[in-house]
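Colleague: quick one: sequence and predicted model below, then my questions.
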Amino acid sequence: MKLISCLFLLSLPVTVYSAVGGRCSSFWRNTGCICLDKNVCERTWGGVSIQGVAPDWPCPDDPGNVWGCQISPCRGGSSCQWRDRCALPVAAAVCPGGRDFICCVLSVDA
């Protein structure tokens with residue numbers, strides 16, 4: 001009986017927050033904004049944390065410690081941006097967010 005109860009609990013839906021390291025929402029979407037823990041943004045990456053105001057929260061579905069983060073300048077280049085806005089990636093530089101959030105020079109039409 002305990003096994004069946006445990007299996008039932010494991011099958012229940014779980015509330016999932018947006019992924020930390022994801023693109024900021026709405027107003028902040030095209031500003032080189034990534035959702036990170038406020039302290040990680042400032043202390044690890046030297047970024048500027050953005051809490052925002054209602055209704056324009058950069059990371060509305062994330063926990064309270066996750067704010068928008070803008071990193072400029074990034075190590076070795078211009079600023080951390082989403083790959084789709086990049087004209088010239090800076091190969092040696094590192095930004096949080098994996099392969100999609102990179103250090104680059106913005107594209108002209110951004």
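Modeller: Arrived safely. Since this is a predicted model, take the numbers as computed values, not measurements. Residues are numbered from 1 along each chain as shown.
Colleague: what sits against Asp20?
Modeller: Just to correct that, residue 20 is Val rather than Asp. 35-37, 62, 66 (Cβ atoms under 8 Å, 6 or more residues apart in numbering). (C-beta placed from N, C-alpha, C; glycine too.)
Colleague: out of those residues, which comes closest to Ser78?
Modeller: Leu36 (18.9 Å; Cβ to Cβ).
Colleague: list of residues touching whichever helix or strand that closest one is part of?
Modeller: Using DSSP states H and E, Leu36 maps to strand 33-37. With Cβ under 8 Å, 6+ apart as the test, strand 33-37 has contacts from 18-24, 45, 47, 50, 58-59, 62, 65-71, 80, 95-97, 101.
Colleague: try it again at 7 Å.
Modeller: When contacts are defined by Cβ atoms under 7 Å, 6 or more residues apart in numbering, strand 33-37 is touched by residues 18, 20-24, 50, 58-59, 62, 65-66, 68-70, 96-97, 101.
Colleague: and if you look at stretch 58-68?
Modeller: Stretch 58-68 is contacted from outside by 17-18, 20, 24-25, 28, 33, 35-38, 41, 49-52, using Cβ under 7 Å, 6+ apart.
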